[in-house]
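Novice: fold the following and give me the result.
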Amino acid sequence: MDTLAYALPLIWAAILATAVTLYVILDGFGLGLGILFHFERRESQRDVIMNTIAPFWDGNQTWLVLGGGGLLAAFPKAYGLVMSGLYIPIIVMLLALVFRGVAFEFRWVAKPRQEFWDLAFSWGAVVATFAQGVVLGGLLQGLSTEGGHFAGGTFDWLTPFSLFCGISLLAGYALLGTTWLIYKTDGDLQEWARDSAKIALLAMLAAMAIVSLWTPYSVPRIAERWFMWPNFLIFAPVPLLSLYAAWRCWQGIENIGKDAEAFLSAVALFLLGFVGLLISNVPYLVPGALTAWESAAAPRSQLFMPVGTLIMLPIILGYTIFVYWTFRGKVRAGEGYH
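Specialist: Sure thing, here's the model as predicted:
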């Protein structure tokens, strides 16, 4: 394998990992607000909840498009395998995201008869989040392959493990959503968010612990990666840092004046979760089935595509930072994007 054929898949894998991470973090708190939406019955507070993400939510989908489109262009074999094995939960996720997006805009013009769109916004977020967790669980437990092609059944993804991953992600996004509200609001809504964040944090920690034990128990390859000596010692900082991030998140939830700390610590928990997934599955792009090099497109194709990506990626990142900076600060009743 020449240097180009070795390096280009790594570059593209890093680009896709960045896109997926940014999508999960940035749209995660938006979906989390949708999950929480049903539990806040006051109309004025629901308006505030939606206005905290109104300037941002649609731009967050950019990272999902980059992740999916980049996977198709740079790793077509992996794309074909993933879509074949997980077609149903992926389509359900995309339809739910569309429904949530439509509900977000229609809710404002339907007032004062917006109850249907409130439900659509909330349940669209719940279904999309659950489906994303199921996709993750389906990938982690492995896809049946033969000669690099999918050889399983239509519902192979439907297992207790994948369903539990879906429930776990609901808790994780709820934590991002509640801590985002702590950061962006004040008064009664912030107090409600603090109480809800404590429940979400405990639920997420329990879910992370169960998944962290269930995965190596089910997948020997992952058990060997984490628990063989000296790997156990080398990777020990990841769970220890996760516990520290959880403690800092709890401190941010409890203490007024540390609003940003709660949200940033929740983000750190997710980032450490990504590090754990990376440790468990490198060098696989599709866990247990295809590595980045086995699924890569021709080097000529991968060499051409990064030119536009490397130009546009800083522009998109710069615009994202600009928008978040422009709409910084607290959002209160009667104020906001709409």
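Novice: run the chain-centre distance for whatever helix or strand Thr129 lives in.
Specialist: Thr129 belongs to helix 115-141 when assigned by DSSP states H and E. Centroid displacement of helix 115-141 relative to its chain, using Cα atoms, centre = their mean, to the nearest Å, is 11 Å.
Novice: now do that helix: which elements does it pack against?
Specialist: Helix 115-141 makes packing contacts with helix 3-37, helix 87-110, helix 160-184, helix 259-281 when contacts are defined by 3 or more Cβ pairs under 8 Å, 6 or more residues apart in numbering; DSSP states H and E. For every residue, glycine as well, the C-beta is placed using N, CA and C.
Novice: the strands in the stretch 201-338 of the chain, which residues?
Specialist: Taking DSSP state E, counting those that start in this stretch, the strands of the stretch 201-338 of the chain run over residues 284-286, 290-291.
Novice: just the residues contacting the first one, thanks.
Specialist: Same thing as strand 284-286. Outside of strand 284-286, the residues within contact range by Cβ atoms under 8 Å, 6 or more residues apart in numbering are 13, 75, 78, 81-82, 139, 143, 290-292, 295.
Novice: hang on, the earlier thing: what's the closest of the helices and strands packed on helix 115-141 to Ile315?
Specialist: With respect to Ile315, and counting by Cβ to Cβ, the nearest of those is helix 3-37 at 14.2 Å.
Novice: does Gln141 touch Phe161 like I think?
Specialist: Yes - counting by Cβ atoms under 8 Å, Gln141 touches Phe161, with 5.3 Å between them.
Novice: point out the most buried one among the helices and strands packed on helix 115-141.
Specialist: Mean neighbours per residue, mean count of other Cβ atoms under 10 Å, is largest over these for helix 160-184, with a mean of 25.
Novice: contacts only, for Thr62.
Specialist: Ile316.
Novice: what are the buried residues along the host helix or strand of it?
Specialist: Secondary structure assignment for Thr62, by DSSP H and E: helix 57-74. Buried residues in helix 57-74, counting neighbours by 16 or more other Cβ atoms under 10 Å, are found at 57, 60, 62-64, 66-68, 70-71, 73-74.
Novice: turn these into JSON lines, columns for distance to Val282.
Specialist: As requested, those are arranged in JSON lines below (distance: Cβ to Cβ, whole Å):
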{"residue": "Trp57", "distance to Val282": "32"}
{"residue": "Asn60", "distance to Val282": "27"}
{"residue": "Thr62", "distance to Val282": "26"}
{"residue": "Trp63", "distance to Val282": "21"}
{"residue": "Leu64", "distance to Val282": "23"}
{"residue": "Leu66", "distance to Val282": "21"}
{"residue": "Gly67", "distance to Val282": "18"}
{"residue": "Gly68", "distance to Val282": "21"}
{"residue": "Gly70", "distance to Val282": "18"}
{"residue": "Leu71", "distance to Val282": "17"}
{"residue": "Ala73", "distance to Val282": "22"}
{"residue": "Ala74", "distance to Val282": "17"}
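Novice: got those residues as TSV, with pLDDT and distance to Glu40 columns?
Specialist: Putting those into TSV (pLDDT from 0 to 100; distance: Cβ to Cβ, whole Å) gives the following:
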residue	pLDDT	distance to Glu40
Trp57	79	17
Asn60	82	21
Thr62	85	28
Trp63	88	27
Leu64	88	26
Leu66	86	32
Gly67	88	31
Gly68	88	32
Gly70	87	36
Leu71	90	36
Ala73	86	41
Ala74	87	41
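Novice: and which of these is nearest Ile199?
Specialist: Nearest to Ile199 among these, with distances taken as Cβ to Cβ, is Trp57, at 23.8 Å.
Novice: what residues are up against Arg332?
Specialist: Contact analysis of Arg332 by Cβ under 8 Å, 6+ apart lists 48, 185-187.
Novice: can you check Ala193 too?
Specialist: When the contact criterion is Cβ under 8 Å, 6+ apart, the partners of Ala193 are 178-179, 181-182, 185.
Novice: so which of these is the closest to Ser280?
Specialist: Taking Cβ to Cβ as the measure, Ser280 lies nearest Thr179 of the contacts of Ala193, at 25.9 Å.
Novice: now, which of the contacts of strand 284-286 sits nearest Asn255?
Specialist: Leu139 (37.8 Å).
Novice: mind listing what that closest one touches?
Specialist: Contact criterion Cβ under 8 Å, 6+ apart gives 82, 86, 286-287 as the residues in contact with Leu139.
Novice: now render those as TSV, adding distance to Thr3, pLDDT and neighbour count.
Specialist: Converted to TSV, these look like this (distance: Cβ to Cβ, whole Å; pLDDT from 0 to 100; neighbours: other Cβ atoms under 10 Å):
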residue	distance to Thr3	pLDDT	neighbour count
Val82	28	92	25
Leu86	33	93	23
Val286	24	88	25
Pro287	26	88	20
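Novice: thinking again about what came up before, nearest to Gln114, out of the buried residues of helix 57-74: which one, please.
Specialist: Once Cβ to Cβ is applied, the member of the buried residues of helix 57-74 that ends up nearest Gln114 is Trp57, at 17.2 Å.
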